[in-house]
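Student: predicted model and sequence below, questions to follow.
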Amino acid sequence: MQLSTVQKSLLTQLADGRFHSGAALARDLALSRTAIWSLVHELGDLGLDVNAIPGKGYRLGQPMELLDRDAIVSALNARARAALPLLELHDCIDSTSTRLGALAREGADCGSVCIAEAQTGGRGRIGRNWLSPFAGSLCLSLLWHFDDASSLTGLSLAVGVATVRALSACGVHGVGLKWPNDLLWNDRKLGGILLEVSGEAHGRHAAVIGIGLNVQISQQTGMCIDQAWTDLRTVAAGPPPGRNRLAATLLNELVDLLQSYPDTGLAAYLDQWNALHCMRGRRVVLHQGSVSVRGEVIGIDPLGLLILRLENGEQKAFASGDVRVRLDAG
């Protein structure tokens, strides 16, 4: 779904979070005040919080930065700009990763990017949904081709390190990693990573890297999230980084990572990943199907497996797969 031209024009006017009178909006958009009133209700139907106050006008419940292709491209470094031939921006889509998966099957170029204001079918691990309110998250996916499947070992973990680096470059510090693909701040989920790989003709493999980051989540939306969460508006030292700057910084980091990864592998990121691991040294319960295992987190090994010290003192490695890790409250 795409916003209509007039819907987007009105949203652009309201994006600063200030009050705008119906008369001024009608004049600026060359519409009647009745049409403005109708458009405001349409934006509300999209899940946007638009306040209407008699005598003051209309405003969004909170300011927002809309995605802007020129702003993203201008913030890319030369290396990333040369490596990213396609940048799709969507108002609303089922999933940016689903879109790139479809493009990969049609022969899309390596470095194709899809970003959306909102997703209706965003996915996490093990079939979970990823909630993405309009302009409240960064929903970004990147397609990359690999000639050798062995080059993909540990890639999603390395992407976690690259994402923390991008956040740090944008002034967001204190973000940690939880195996295998969560980004946490004070044990609250800030974002997640999902890597989906498919085979292609000529033996190549297409990796779709999906990254979701909470930017500004309303309390009403947060009530629908089934775990402790936070957003960049809460954790940033000052104003949260703009989504366009954040998208470009993240793409710069990802291109650096992906171009060198077949040569360096996870080894180049292993120490930093372990240093960022929020669960290291803590007792957890690992759920694998109907089996639960308790132990202390040691870290990850060179293959990206999670190493636990079990209650009997034995160290054991676990692959991600259908595995959930929770802090041991017992």
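Tutor: All right, it came through fine.
Student: how would you label residue 138: helix, strand or coil?
Tutor: Following DSSP: H, G, I helix; E, B strand; the rest coil, the label given to residue 138 is strand.
Student: residue 157 touches residue 180, doesn't it?
Tutor: Yes: with contact defined as CB atoms under 8 Å, residue 157 counts as touching residue 180 (6.7 Å). Every C-beta, even on glycine, is put in place using the N, C-alpha and C of the backbone.
Student: what sits in contact with each of the two?
Tutor: Counting by CB atoms under 8 Å, 6 or more residues apart in numbering, the common neighbours of residue 157 and residue 180 are residue 304.
Student: can you pull out the strands in this structure?
Tutor: For the chain, the strands defined by DSSP state E occupy 50-53, 57-60, 86-93, 112-119, 137-146, 176-178, 182-185, 188-199, 205-214, 283-288, 291-300, 306-310, 315-318, 323-327.
Student: next, format these as TSV and append mean pLDDT and mean neighbour count.
Tutor: Below are the strands of the chain laid out as TSV (pLDDT from 0 to 100; neighbours: other CB atoms under 10 Å):
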stretch	mean pLDDT	mean neighbour count
strand 50-53	90	14
strand 57-60	93	20
strand 86-93	94	18
strand 112-119	95	24
strand 137-146	96	24
strand 176-178	96	21
strand 182-185	96	22
strand 188-199	94	19
strand 205-214	96	25
strand 283-288	93	17
strand 291-300	94	17
strand 306-310	96	18
strand 315-318	94	14
strand 323-327	90	15
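Student: quick one: closest of the ones you listed to residue 11.
Tutor: Closest to residue 11 of the strands of the chain is strand 57-60 (CB to CB; 8.2 Å).
Student: which elements pack onto the closest one?
Tutor: With contacts taken as 3 or more CB pairs under 8 Å, 6 or more residues apart in numbering; DSSP states H and E, strand 57-60 sits against helix 5-14, helix 22-29, strand 50-53.
Student: on that earlier part again, among the strands of the chain, which comes closest to residue 249?
Tutor: Nearest to residue 249, of all the strands of the chain, is strand 137-146, at 10.6 Å by CB to CB.
Student: having no further points to raise, I will conclude here.
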